[in-house]
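Visitor: structure for this input, please:
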Amino acid sequence: MPLTNPQNEKILHHHRIAEDAKRNTVHRVPSSTHAPHLNFWEKRRGRFKDEVSTRSACDWFSSFIPMAKWIREYDVKGTLLQDVIAGLTVGVMVVPQSMSYAKLAGLPVEYGLYSALVPVYAYALFGSSRQLAVGPVALLSLMVSTGLTHVIDPNGELEASGGIEANEEAQALYQVLAIQTSFLVGVVYIIMGVLRLGFVTIFLSHAVVSGFTTGAAVIIGMSQVKYILGYNVEKSKALHTILYNIFAHISKFNWKTFIVGMGSIATLVIMKNIGKRYPKLKWVRAIGPLTVTTIFLSLSWGLDLEQYGIPIVGAIPKGFPNFTADLWVPMPYFGRLMPTVMSMVVVGFMESIAIAKQLASKHKYELDSSMELVGLGFSNLMGSMFQSYPVTGSFSRSAVNNETGAKSGISAIVTATLVMLVLLFLTVIFEKLPLAVLAAIVISGVLGLLDYTEAMHLFKVHKFDFVVWCISCLGTMFLGVEIGLTIAVAVSILLVIYESAYPHTAVLGRLPGTTVYRNIKQYTEAERYHGIVMCRIDAPIYFANTQHVRDKLIKYEMMAEEKPRFIIVDLSPVSHVDTSAMHILEDMRKNYVSRGIQLCLCNPNKIVMNYLRLSGLAESIGSRYIFVRVHDAVLSCLEEMEGDGVFADVEDQTSGAASGSASNAGSIEMADTSANSEVIVTGSSLYAKKNDEAIDSLS
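Guide: Sure thing, here's the model as predicted:
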């Protein structure tokens, strides 16, 4: 009676695996592929046609306006109240923060409020993240300050007379350049989004980003010390220069502003720690800036702190921002602005996408990196129409937005509406706010960016990444943000090049009792054969690493105890080869042939095999020396050496190489067959397609 129930079918399947292992069938790699080879543009065109035919007009509209997607599914009764509460909480937080960041950027405080108005509305419409809080942030504010100061006053001539802020003409130009910078940042973001270049930030390693952020946080904090100490300190992009300027004028120290500033910092830090330590009191963290602002506004209005020598914000224009699209052109400083613009694009997107992806994963919805670029682009572009400087997603405000229950972009709309009400009716209240309080809000905000714990972790786990972290951090602190970012990007690219140019390779040996071949350094009990060298290349082979691969193969040949008859190269991990790789392999084949050595290749994938065939290398090597498995190659080589009367045995005299083991070996044998190969079972017309992913976890 045939086995029909599911349990019996499973047993039958296991028996077939065991029988296949005992049969030890030899597979052959097909010399050609039946699938047509499509180039990059043909694939793109095919995908576009598929999308056009399968997507409705509503889907296309949602692609360009992400808000249209979630607004159709919005649950007014279930989530509107949560969004309103989250929006009001972030709004209460962003009003004092935005004014603080505007001062950090070297702009009047109202520019911070303008940057928390129109850009936030724009992101709610075009942004793909539903919890991300967009607006002024410390890093971009610092980059505006250092970048534009270098454009207007490259030699520091204005610093001697009080800086750019003391010169009306220079300050007016500075504000125009800030608006033009926002416009350029928006345009670059949109272009990158349309071209789907959202992958660019993957070239920045975590160590590089952490080091850069820490170094920038130190510079940001030190740039605000002058408001705490109560006297003017000349601007500088380098830490050692800032410290020198601080101590050079320490005799002007104002103890009154120091008390206000340090009291504000202490209050903010305490409230932040209370919010982190006690989950039920997490709202305390969000109202920290408002609490400090309220306390010192009350003191300032009641005691008139300005008459005691404590500087205050001063007049803040009431009402909506002016329309500034007419300031986009002419742009005489375009060339000098672009380095700052590109730095902001990289840093802004890196900061925004990190928190946006984390929030999207937590709330279980898809986030398109390219659409996020478009959302940030329109946020900056539309903001530049109304007196905004560059903005991006904020770590701290996004965290608060999420913790207070934000479910959609409605929370961002509520936040922007609250800022609008402040601009219309409450600006006069903030005119008495001490500058030391704004500086304290900035300093307390960047304390969370000091990622020294990551440096300690890297030192314990990965010394090389620790060195990279130090280079990125110290470069930013002592050479400036732009140069520090350039160094960080350069280090990241060098790491990618290094890893690509020097891929991992390994000498293989057979695990006793199996047909599995693994790295002999990892598995010291693995067995090798006299007269045969087995190795594996764990990366694509192309012009940058061909010499390294060649050197490794020569090294492995020389390490053999006796002159090898066969060099077996496992190509399972090799996803791609170029013409340089073809030339190197052909040169090595000729060299081997001249010395009586045969080159054998194992498991080249469909793409690699196609290139081997087109280049003629497959024919030169011979189809009988191209195998699906390393084990097939070993058996063939052993048989050939025995046929030639050459004695070959396994080190440690362990038997069983030809037969393998029973059911256990059979299952491992199937797992060891790597991905991306289409194989033909000999003696049958059956074709078997292997999985796309190699099940090779032991190697």
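Visitor: show me where the chain has strands.
Guide: 27-28, 134-135, 392-393, 505-510, 517-519, 532-537, 566-570, 598-602, 626-627, 678-681, 687-689 (DSSP state E).
Visitor: now for the chain, the helix or strand with the poorest mean pLDDT.
Guide: In the chain, no helix or strand scores lower on mean pLDDT, DSSP states H and E than strand 687-689, which sits at a mean of 27.
Visitor: where does the stretch 551-699 of the chain dip in pLDDT?
Guide: Within the stretch 551-699 of the chain, the stretches with pLDDT under 70 are 645-699.
Visitor: where's the residue nearest to residue 272 when sequence neighbours are not counted relative to residue 435, distance?
Guide: The shortest distance from residue 272 to any non-neighbouring residue, by CB to CB, 6 or more residues apart in numbering, is to residue 285 (5.1 Å). No exception for glycine: its C-beta is placed from N, CA and C like everyone else's. Remark: distance between residue 285 and residue 435 (CB to CB, to the nearest Å) = 23 Å.
Visitor: the more surrounded of those two?
Guide: residue 435 (24 against 21; other CB atoms under 10 Å).
Visitor: doesn't residue 311 make contact with the more buried one?
Guide: Yes: Residue 435 is within contact range of residue 311, at 4.7 Å (criterion: CB atoms under 8 Å).
Visitor: who touches both of these two?
Guide: 227, 257 (CB atoms under 8 Å, 6 or more residues apart in numbering).
Visitor: quick one, helices of the stretch 1-150 of the chain?
Guide: For the stretch 1-150 of the chain, applying DSSP state H, counting those that start in this stretch gives helices covering 6-23, 40-54, 57-64, 67-72, 76-104, 109-115, 118-126, 138-152.
Visitor: which residues does the closest residue in space to residue 164 that isn't next to it in sequence contact?
Guide: Take residue 164 and drop its neighbours on the chain: the residue closest to it by CB to CB, 6+ apart is residue 170, 4.6 Å away. When contacts are counted by CB under 8 Å, 6+ apart, residue 170 touches 152-153, 158, 164.
Visitor: in PyMOL, select just the buried ones from those residues.
Guide: Typed into PyMOL, the line below selects the buried ones among those, using 16 or more other CB atoms under 10 Å:
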select buried, resi 152+153+158+164
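Visitor: would you mind measuring from residue 149 to residue 236?
Guide: For residue 149 relative to residue 236 (CB to CB), the value is 10 Å.
Visitor: next one: residue 350
Guide: 25 Å.
Visitor: ok, now residue 166?
Guide: Separation of residue 166 from residue 236 (CB to CB): 17 Å.
Visitor: for residue 65, same thing?
Guide: In terms of CB to CB, residue 65 sits 44 Å off from residue 236.
Visitor: tell me which of those two has more neighbours.
Guide: Neighbours of residue 65 and residue 236, each counted by other CB under 10 Å, are more numerous for residue 236; the result is 20 against 12.
Visitor: for that one, which non-adjacent residue is spatially closest?
Guide: Once flanking residues are discounted, residue 236 sits nearest to residue 242: 5.0 Å by CB to CB, 6+ apart.
Visitor: next one: residue 129
Guide: Per CB to CB, 6+ apart, closest to residue 129 is residue 356, 4.0 Å.
Visitor: so the one you found makes contact with residue 133?
Guide: No: taking CB under 8 Å as the definition, residue 356 is not a contact partner of residue 133, at 10.3 Å.
Visitor: of those two, who's got more company?
Guide: Neighbour count, other CB under 10 Å: between residue 356 and residue 133, residue 133 has more, with 30 against 25.
Visitor: my read: the more buried one touches residue 97, true?
Guide: No: with contact defined as CB under 8 Å, residue 133 does not reach residue 97; the gap is 10.3 Å.
Visitor: give me the common contacts of those two.
Guide: Both residue 133 and residue 97 are in contact with residue 397, where contact means CB under 8 Å, 6+ apart.
Visitor: for the nearest residue to residue 485 once chain neighbours are set aside, list the residues it contacts.
Guide: The shortest distance from residue 485 to any non-neighbouring residue, by CB to CB, 6+ apart, is to residue 343 (5.1 Å). Residue 343 makes contact with 143, 147, 481-482, 485-486, according to CB under 8 Å, 6+ apart.
Visitor: repeat that for residue 128.
Guide: Neighbours of residue 128 in contact, by CB under 8 Å, 6+ apart: 66, 356, 367-368, 371-372, 375.
Visitor: quick one: pLDDT of the closest residue in space to residue 510 that isn't next to it in sequence?
Guide: Spatially, and ignoring its direct neighbours in sequence, residue 510 is nearest to residue 527 (4.9 Å; CB to CB, 6+ apart). Note for residue 527: predicted pLDDT of 90.
Visitor: didn't residue 527 look like it was pressed against residue 507?
Guide: No: judged on CB under 8 Å, residue 527 makes no contact with residue 507 at a distance of 12.0 Å.
Visitor: low-confidence regions, the chain specifically.
Guide: The model of the chain has pLDDT under 70 over residues 1-63, 160, 201-203, 645-699.
Visitor: give me the neighbour count for residue 402.
Guide: Residues near residue 402, counting by other CB under 10 Å, number 22.
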